[in-house]
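> Have a look at this fold, sequence not included:
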């Protein structure tokens, strides 16, 4: 756990969240500023700062996230599709330095970012 990481504090229960999924490796909760009707953040319980820090030792955690995402999507009723996004670094608009994936759905999403 990184001492100043808000997502680590959410995982530990120090900061409340609207949890939608949890297992031994993955925690998922509703985004407080949703960009779609369904906007869930899916994170590893172990602190990884960004996609740039994924390596052979922690890649299994990322695989566990992608095993959980379809379960979360189904539980959220996203039967017609969804989008998964991660932001990396300043230019990628990563606001929290803890690897996280945005699960977005519940409506037809735009094809482009701009």
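All right, it came through fine. All values derive from a computational prediction rather than experimental measurement.
> burial measure for the nearest residue to residue 80 once chain neighbours are set aside, as a count.
With sequence-adjacent residues excluded and distances taken as Cβ to Cβ, 6 or more residues apart in numbering, residue 80 is closest to residue 105, at 7.9 Å. In this view, the C-beta of every residue, glycine as well, is placed from N, C-alpha and C. A count of nearby residues for residue 105, using other Cβ atoms under 10 Å, gives 21.
> Angles on the backbone of residue 105, please.
Taking degrees, to the nearest 10, you get phi -180, psi -170 for the backbone angles of residue 105.
> Could you do the one 4 residues further on as well?
With angles defined as degrees, to the nearest 10, residue 109 shows backbone torsions of phi -90, psi 150.
> My guess is it contacts residue 38. True?
No - judged on Cβ atoms under 8 Å, residue 109 makes no contact with residue 38 at a distance of 10.6 Å.
> Looking at the two, which is more packed in?
residue 38 (20 against 12).
> The nearest residue to residue 103 once chain neighbours are set aside and residue 56, how far apart?
Of all residues not flanking residue 103 in the chain, residue 40 sits nearest, at 4.3 Å (Cβ to Cβ, 6+ apart). Counting by Cβ to Cβ, to the nearest Å, the separation of residue 40 from residue 56 is 28 Å.
> Could you do residue 109 as well?
Residue 109 is 33 Å from residue 56, by Cβ to Cβ.
> Equivalent analysis for residue 64, please.
According to Cβ to Cβ, residue 64 stands 15 Å off from residue 56.
> between those two, which one's more packed in?
Each of residue 64 and residue 56 has its neighbours counted (other Cβ under 10 Å); residue 64 has more, 16 against 6.
> What are the buried residues along the host helix or strand of that one?
Element membership of residue 64 [criterion: DSSP states H and E] is helix 59-75. If you call a residue buried by 16 or more other Cβ atoms under 10 Å, then helix 59-75 has these buried ones: 61-62, 64-65, 68-69, 72-73.
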